[in-house]
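Undergrad: Let me see the structure of the following:
(4 chains)
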2 protein chains.
Amino acid sequence: MPRAQHSPAAVDATRQRLAALALDIYRVEGLDAISFRRLAEAAGISHTLPYRYFDSKEALLVALRVQCMEHFEQFVRAREPSQAAPMPRIESLAAAYVEYVRAHPADYQLIFSTHQPAINQYPDLLAARRSLFEHAVSVVQHAIDAGVLHGDARVLTHLFWISLHGLMTLHAAGQLVHGLTLEALIAPLVTRMVQTTTSAPTPGPAASKPAPASADVIVLAPRRRKPTA
Amino acid sequence: MPRAQHSPAAVDATRQRLAALALDIYRVEGLDAISFRRLAEAAGISHTLPYRYFDSKEALLVALRVQCMEHFEQFVRAREPSQAAPMPRIESLAAAYVEYVRAHPADYQLIFSTHQPAINQYPDLLAARRSLFEHAVSVVQHAIDAGVLHGDARVLTHLFWISLHGLMTLHAAGQLVHGLTLEALIAPLVTRMVQTTTSAPTPGPAASKPAPASADVIVLAPRRRKPTA
DNA sequence: CTGTAAATTTTACGGTGTTAATTTACGTTC
DNA sequence: GAACGTAAATTAACACCGTAAAATTTACAG
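TA: You can find the predicted model right below:
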């Protein structure tokens, strides 16, 4: 006798539609413009109905981040050369990364926004990040297998990513210091990244097993201390 | 006849006091807990009086950022070895940077928070950032003058900073991928940073004058193309 | 048609940033 | 010392916001 429940698929579709709408609002008017009431108005529904699709505003923002991350991954994957030497593949990956941030700086800022719940608390976020990261790892692993890179693929990938992210997050937020542009920094950065890892077979103690650093005083590996062995 | 105006010094002092109070709230309860009403209550004043000291909430947040940046610089300067060889000085600077973020992750996140007005729009922010950056530049310049580093000091400093910032911002936001820790990444990162710049005298075309890149297709400098000269 | 449960809207509460009106406090002048 | 004028500070008000609960509409089985 009761009214039939909406199919989970239909609910998911509406959730997607709302998320897409919220993303539109974000892109045009910024983060502060995102609100359930505004979103509901844009969708032509009452201002509490979004609660059927998102547990809270935080959940909505997480959904937006996931959406952006998936788009990011798809963007990067689409620009990957099908057949290429290992290092050019890595460079293409880096180039695609940069290209994405230049094309969608706001989306990138959303993905890596500070003051956001830790990624570990949302399985969807974790999965999206993992997918993107592991893709990069596979490209790096390919270079390692070919003998042109040396070290642990995940650590190496993370090192590459750290540098790229540092540059792109500053660029997207307009925080590069005056006089220095993305164009002036990206080339030397990538050059250094690549050149370091290809030439040096990761000198034992530092890369494979970093200094214990259980105490919080010494953070950097003391470079002048000779290996005890 | 009129009531005496408060001296600018007294007004500044109160502004400082309110900013310090807001920073306390932020550190304990996070960004969303910062509000004029909450701040006013903590300061024992009416909820609109903060407008005497800050044009808007955005201005308050900017003041907090400036406050954190000044503390950051002071923290780093205090840990600088007075006399040391150029490269150890740079390493100490990097270590101090890392130490600060580990000790005050929330403050660091605030300084570099995304979705904040561009730094160029607030002279105070610009000055604070400039001061911190130029300090680092001087340390790098010292190494260049000693002949142990090669290249443009500002570009080189920015490259160092980008990598450190990439790592620390991910660390502070809890966004490092699972299994990889700050401790495991900081040593190889710094090792690579240092090693690259000391060994390579910045191979002409890439570092000094990056590829034109007026079109937005090619971003990376094509590494395999030999210098025409 | 009717009952019933799901879907949706309406109502309500406490909180926010911000502006305008109002009150308070104090130095100057009579 | 009382009255005045102005700066300081508070109060009142508005339009938002997230969220919870109540009220209502809607769609379908019988």
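Undergrad: give the contact list for A:K57.
TA: Going by Cβ atoms under 8 Å, 6 or more residues apart in numbering or on different chains, A:K57 touches A:I34, A:S35, A:F36. All C-beta atoms are positioned from the backbone trio N, CA, C, and that covers glycine.
Undergrad: quick one: pLDDT of it?
TA: In this model, A:K57 is scored at 97, pLDDT.
Undergrad: and it, how far is that from A:L159?
TA: Distance, A:K57 to A:L159, using Cβ to Cβ, to the nearest Å: 35 Å.
Undergrad: ditto for A:S82
TA: 26 Å.
Undergrad: Of these two, which one has the most company?
TA: Using other Cβ atoms under 10 Å in any protein chain shown, the more surrounded residue of A:S82 and A:L159 is A:L159, with 25 against 5.
Undergrad: Please identify the helix or strand for whichever residue of chain A sits closest to DNA strand C.
TA: DNA strand C sits closest to A:P2 of chain A, with a gap of 2.7 Å, by Cβ to the nearest atom of the strand. For A:P2, there is no enclosing helix or strand under DSSP states H and E.
Undergrad: With A:E91 instead?
TA: A:E91 belongs to helix A:86-103, assigned by DSSP H and E.
Undergrad: What is the helix or strand just after that helix packed up against?
TA: Next along the chain after helix A:86-103, taking DSSP H and E as the criterion, comes helix A:105-111. Applying 3 or more Cβ pairs under 8 Å, 6 or more residues apart in numbering or on different chains; DSSP states H and E, one finds that helix A:105-111 makes contact with helix A:8-29, helix A:57-78, helix A:153-172.
Undergrad: Distance from the chain centre to the second one, please.
TA: Helix A:57-78 sits 9 Å away from the centroid of its parent chain (Cα atoms, centre = their mean, to the nearest Å).
Undergrad: So that helix, near DNA strand C or not?
TA: No. Judged by Cβ under 7 Å from any atom of the strand, helix A:57-78 makes no contact with DNA strand C; its nearest approach is 11.6 Å.
Undergrad: quick one: that helix to helix A:8-29, angle?
TA: Here helix A:57-78 runs at an angle of 90 degrees relative to helix A:8-29 (axes from the mean of the first three to the mean of the last three Cα atoms, to 10 degrees).
Undergrad: Helix A:57-78 versus helix A:86-103: what angle between them?
TA: 140 degrees.
Undergrad: distance of the residue in chain A that chain B sits nearest to from B:M168?
TA: At 2.5 Å from chain B, A:G166 is the closest residue in chain A, using Cβ to the nearest Cβ. Separation of A:G166 from B:M168 (Cβ to Cβ): 9 Å.
Undergrad: Next: A:L149.
TA: 25 Å.
Undergrad: next one: A:P8
TA: The value you get for A:P8 to B:M168, if Cβ to Cβ is used, is 41 Å.
Undergrad: Pick out whichever of the two has more residues nearby.
TA: More crowded of A:P8 and B:M168, by other Cβ under 10 Å: B:M168, with 23 against 8.
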